[in-house]
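A.B. asks: Test case, fold it:
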Amino acid sequence: MNKSSFGLIGLGVMGRNLLLNVADHGFRVSGLDLDPKQVSAMQSERLEEHKLEAFTSTDDFIRSLSSPRTIMLLVPAGTIVDQVIESLIPKLDKGDLIIDGGNSHFLDTERREQFLNSKGLLFLGTGVSGGAQGARKGPSIMPGGALEAYKQVAPIFEAISAKYQGESCVSYVGRAGAGNYVKMVHNGIEYAIMQSIAEVYALFRSFGFSNAEIKLAFESFQKGRLSSFLIEITAAILGTKDPEGRGELIDNILDKAKQKGTGKWTSQNAMDLGIAIPSIDMAVSQRALSALKELRLQLSENKAQLETIDFNTLSKQAEKALYASFAIAYGQGLHQISEASKVYDYQIDLLSVIKLWRGGCIIQSEMLGDLAVSFEKEAIEHIFESSHFKPTLKETLEGLRELVLLGTKHALPVGTLSSSLSYYDALHSSELPVNLVQAQRDFFGSHTFERKDQPGIFHHDWSL
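C.D. replies: The predicted model follows:
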């Protein structure tokens, strides 16, 4: 009996699409789901030429796999991952590989790897981005763990991942929880970019422009330096009619955003490490604020008539503002990854991360291609150091500043855009007013301070 080289547990939409992708590339594959409906759906979607089997029996699934076995889990993050792993351990042999492809917390991945290694089993915590469509046509894949474990699955991951100018959007990210860490920060960047786009959309709407007009603006953005997955889908969303026949669908969607936790984890970890990512923090907070719908309705006030603004003028400002905010979000996330890699000894190569984000994932954009070139040519850790991006950021920052001023003047919430602007301004300031904060801390808590004119730690006997 011919055996499968790849097995996948969890045949929901994401799992089915990824397994079909692997089968598309000629690999013999097996799927497992305890729900017969999911197995039936898998069987109905397989093509005649696919070498694919799907099971509801774990024992049958295990027997269908060749040794050493490679098994990927696409189940909800959390205790379910541990439960599935526990159920597999007695049925596996030394050298078999388990891959967690969900959005697990990176510290859970480290714990699981240590536990499974003690059993003689290999483990990879692997970020997968691109949604169901990406899983089917080519996702961005971020594997972390032992290099030996990655080598076992590398031929499959390289075959099924998205391609950017012929290069696979997958590479070994680093040791232990590095893969899940990079995916977590990817999602934090995603929050910031999405919220920046939403704030620009809201400005257009507040100044009276129609969805059709805003769609034209975003279509023009997509043809230029802002070309990206999120700009592309925004234009598509703005042109979608409500299937209920009530105008445009976007106008009938409730303004309460949900989140699965990865953005929050990104902010929490940055706080723990003392790393500034204010655009991401604010994007997470804006989702939390959106949940307060009843309170917002109670507190909302009628705004005065807004001034008239030229569409082309606003479009030019918006294009610049979005370019700057995209670059700043990437800069914050990559800086966090760089600093965290040192703390956790993940040995992450930032250039490899940038390259695997260029296609397949939610934050893919042409800008990342330019960023990869910058990191290849220069030894830099932050986008603000890039000789390529410095002049472009200065030019586009004018549009960001103008848009933030416009929104603030008219009491329109532009929290993420303004956080990006403040981050840029702070990092380009040789002096910050934190000297006063240090004096205040020393006044009320004797927390001491440092001086500009001499080394050492000082305390002053302050008095009112």
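A.B. asks: how about the strands in the stretch 51-200 of the chain?
C.D. replies: For the stretch 51-200 of the chain, the strands defined by DSSP state E, counting those that start in this stretch cover 52-55, 70-73, 97-100, 122-129, 140-145, 163-164, 167-168.
A.B. asks: among those, which is nearest T408?
C.D. replies: Across the strands of the stretch 51-200 of the chain, T408 has its closest neighbour in strand 122-129 (33.5 Å, CB to CB). Bear in mind the C-beta positions are built from the backbone N, C-alpha and C, glycine included.
A.B. asks: partners of the closest one, with directions?
C.D. replies: strand 97-100 (parallel), strand 140-145 (antiparallel) (DSSP bridges).
A.B. asks: CSV please, covering the ones you listed and showing mean pLDDT.
C.D. replies: Formatted as CSV, those follow (pLDDT from 0 to 100):
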stretch, mean pLDDT
strand 97-100, 98
strand 140-145, 97
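A.B. asks: how about G166, phi and psi?
C.D. replies: For G166, the backbone dihedrals (degrees, to the nearest 10) come out as phi 90, psi -10.
A.B. asks: And E307, by the same measure?
C.D. replies: Phi and psi for E307, reported as degrees, to the nearest 10, are phi -60, psi 160.
A.B. asks: quick one, what contacts it?
C.D. replies: Residues counted as contacts of E307 (CB atoms under 8 Å, 6 or more residues apart in numbering) are H410.
A.B. asks: With G31 instead?
C.D. replies: Residues near G31 by CB under 8 Å, 6+ apart: 7-9, 11, 15-16, 19, 39, 42, 52-55, 61.
A.B. asks: Next one: L11 from E45, what distance?
C.D. replies: Per CB to CB, to the nearest Å, L11 is found 10 Å from E45.
A.B. asks: And for K3?
C.D. replies: Distance of K3 to E45, computed by CB to CB: 22 Å.
A.B. asks: thinking again about what came up before, what about L11 and E45, which has more around it?
C.D. replies: L11 (28 against 16; other CB atoms under 10 Å).
A.B. asks: thought that one was touching Q38?
C.D. replies: Yes: between L11 and Q38 there is a contact at 4.2 Å, judged by CB atoms under 8 Å.
A.B. asks: Where do the helices of the stretch 151-300 of the chain begin and end?
C.D. replies: 178-206, 211-222, 229-238, 262-273, 278-290, 293-299 (DSSP state H, counting those that start in this stretch).
A.B. asks: quick check: angle from the first one to strand 140-145?
C.D. replies: Between the axis of helix 178-206 and that of strand 140-145 there is an angle of 150 degrees, by axes from the mean of the first three to the mean of the last three CA atoms, to 10 degrees.
A.B. asks: in helix 178-206, what counts as buried?
C.D. replies: Going by neighbour count (16 or more other CB atoms under 10 Å), the buried part of helix 178-206 is 178-201, 203-206.
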